[in-house]
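Asks: A predicted structure for the sequence below; I have some questions about it.
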Amino acid sequence: MEKHNHSKIMGWQNRRTHHRAPHQYLPALSKDILIITNYFPPETGAASNRIFHLAEGLQKRGFSISVLTPLPNYPKGKIFEGYKKHFKHTSKENGITVHRLWIYASNSKNKLLRLFAMLSYSFSLIWFFIWNKIPKKVIVQSPPLLVAFTCILFLRNKKRQLILNVSDLWPIAGLELGAFKKNWSYRLLEWIEHFNYKNANLILGQSNEILTHITSIYPNKKTFLYRNYPDFIPPEIPINLQENSKIKMVYAGLLGIAQGIHKLCTKLDYTNIEFHIYGAGAEQEAIVDFIKNHSELPITFHGEIERSLLHRELLKYDITIIPLLNRIYGSVPSKIFEYARLGLPMIYFGGGEGEKVISKNNLGWIAEAAEYKSLNKAISALNKDNLSRNNKVEIQQKAVIAFDFNTQLEELSKIL
């Protein structure tokens, strides 16, 4: 195992400048923090988990946390039971005040409907800003760009510290996914992106690529590498007594366009494996139909299950796959850190910085992004020996040290 270099996993970059920033960053005494996000439990997924752990972790460290989020609707695009017919819902959850605002919920592929959904939440945010006292410290999740823009535009104040938490680079990611073309609308989104960076006092980035991009635009911007590390007790790795000769490979997560699970089903060589799928999303119907029409293939769709139960289920498998349909600059899937803590070996099929994380920490195998021959070659080389319990324990031990949520959050707490 390669020795862990802590300074590269987590970093605080503080570049001096002779020019005054738009809103000079000054440490404040206030312990009140408002987190504004599009995703929060009971919604599932990496974004929801990330913000929940951030809120809970800061709360435990003496901060008074409130969260501003839409009525829960993701990923199905429908308001959850118990929240319907509400314009606003406020509750106290684990000591955290959670304000849930109205949104026109939709996961439609229609761009206009999706835009209206984002604008509806932005309007709700403006209404909230007008009628409520906003703390001096605010953490804003981005993307969505328009929601972040609304927050930055209306909350700019020399006495307020605005912290932008950037998990993906938009509109660049949209361009790479084929969702955008370089036209006037792309240039508008690019202007909004730059406006958000310029007016944030501090930017948290989920990858080094994100921070490199931001500092290429604003070299003196204060940034902090804040990975999406999970916060749960590492489970004991079970002894696998199954004699099945086939390797059990699993995917668990969003079944969206970016992940390309439907195409993966059509391209895999099943000689050496059986493939299990957990999750929900836009491609779910196409995946279920493919399995139904190809019953001879060893593919099983398990649907979506609660996260703690999913963790127990994942311990049954030999290996997991982390795919991206196309390499997305700035993207480092949070599954890497979560699966490593579970001791689950990985095949990474997405390119970019994620490859470096996998290779540096000996977490599994790399297949060239979008090259299915490369992926099947990597799969054909797998066997029960290189997926042994000892291998899994080694991965888990590495993750506990290298991807420690509390160490990272302690460093962040010092600068808030």
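Replies: It's in. Residues are numbered from 1 along each chain as shown.

Asks: If I look at P75, what pLDDT would I see?
Replies: For P75, the pLDDT comes out at 73.

Asks: How about K267?
Replies: For K267, pLDDT reads 95.

Asks: Next: I347.
Replies: So, for I347, pLDDT stands at 95.

Asks: Just say helix, strand or coil for it.
Replies: strand (DSSP: H, G, I helix; E, B strand; the rest coil).

Asks: Count the neighbours of it for me.
Replies: 19 (other Cβ atoms under 10 Å). From N, CA and C alone the C-beta is placed, and that goes for glycine too.

Asks: moving C-terminal of the helix or strand that contains Q141, what's the next helix or strand?
Replies: Assigned by DSSP states H and E, Q141 belongs to strand 137-142. Sequence-wise, the next helix or strand downstream of strand 137-142 (DSSP H and E) is helix 145-155.

Asks: for that following helix, packing partners?
Replies: helix 111-131, strand 137-142, strand 161-166, helix 184-199 (3 or more Cβ pairs under 8 Å, 6 or more residues apart in numbering; DSSP states H and E).

Asks: Where do the strands of the stretch 251-400 of the chain begin and end?
Replies: Using DSSP state E, counting those that start in this stretch, the strands of the stretch 251-400 of the chain run over 273-278, 299-303, 319-323, 346-349, 364-366.

Asks: Check the offset of the shortest one from the chain's centre.
Replies: In this case it means strand 364-366. 20 Å (Cα atoms, centre = their mean, to the nearest Å).

Asks: That strand packs against which elements?
Replies: Short answer (3+ Cβ pairs under 8 Å, 6+ apart): strand 364-366 packs on strand 346-349, helix 353-360.

Asks: before we move on, what about the third one?
Replies: Under the contact criterion of 3+ Cβ pairs under 8 Å, 6+ apart, the helices and strands touching strand 319-323 comprise strand 247-252, helix 261-267, helix 335-342, strand 346-349.

Asks: rewinding a little: of the helices and strands packed on helix 145-155, which approaches G354 most closely?
Replies: strand 161-166 (16.5 Å; Cβ to Cβ).

Asks: picking up where we left off before, for K92, find the nearest of the helices and strands packed on strand 364-366.
Replies: The nearest among those, by Cβ to Cβ, is helix 353-360 at 36.7 Å.

Asks: Show me what counts as buried in that closest one.
Replies: Neighbour counts over helix 353-360 (16 or more other Cβ atoms under 10 Å) mark 353-358, 360 as buried.

Asks: picking that back up, make JSON lines out of the helices and strands packed on strand 364-366 and add distance to F149.
Replies: Output for the helices and strands packed on strand 364-366, formatted as JSON lines (distance: least, Cβ to Cβ, whole Å):
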{"stretch": "strand 346-349", "distance to F149": "33"}
{"stretch": "helix 353-360", "distance to F149": "26"}
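
Asks: out of the ones you listed, which comes closest to N383?
Replies: Using Cβ to Cβ, these put strand 346-349 closest to N383, at 13.6 Å.

Asks: can I get the CA coordinates of that closest one in CSV?
Replies: Output of strand 346-349 as CSV, limited to C-alpha atoms (Å, rounded to 0.1, in the frame of the first residue of the first chain):
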residue,chain,number,x,y,z
MET,A,346,-13.7,-1.0,-7.3
ILE,A,347,-13.4,-0.9,-11.0
TYR,A,348,-13.3,2.7,-12.0
PHE,A,349,-14.5,3.6,-15.5
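
Asks: what's the closest of the helices and strands packed on strand 364-366 to V98?
Replies: Of the helices and strands packed on strand 364-366, nearest to V98 by Cβ to Cβ is helix 353-360, at 31.3 Å.

Asks: List the contacts of the closest one.
Replies: 2, 207-209, 322, 330-333, 336, 346, 348, 363-366 (Cβ atoms under 8 Å, 6 or more residues apart in numbering).

Asks: Lowest pLDDT pick from those residues?
Replies: Ranking those by pLDDT, E2 lands last with 38.

Asks: got the contact list for the residue nearest to F301 when sequence neighbours are not counted?
Replies: Nearest residue to F301 in three dimensions, chain neighbours excluded: I277, at 4.9 Å (Cβ to Cβ, 6 or more residues apart in numbering). Applying Cβ under 8 Å, 6+ apart, we find I277 in contact with 250-252, 255, 261, 287, 299-302.

Asks: run the last query once more with 7 Å
Replies: By Cβ atoms under 7 Å, 6 or more residues apart in numbering, the contact set of I277 is 251, 261, 287, 299, 301-302.

Asks: how about these in TSV, adding distance to N386, pLDDT and neighbour count?
Replies: Below are the contacts of I277 laid out as TSV (distance: Cβ to Cβ, whole Å; pLDDT from 0 to 100; neighbours: other Cβ atoms under 10 Å):
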residue	distance to N386	pLDDT	neighbour count
Y251	20	96	20
I261	24	94	25
I287	28	96	19
I299	23	97	18
F301	27	97	18
H302	25	96	13
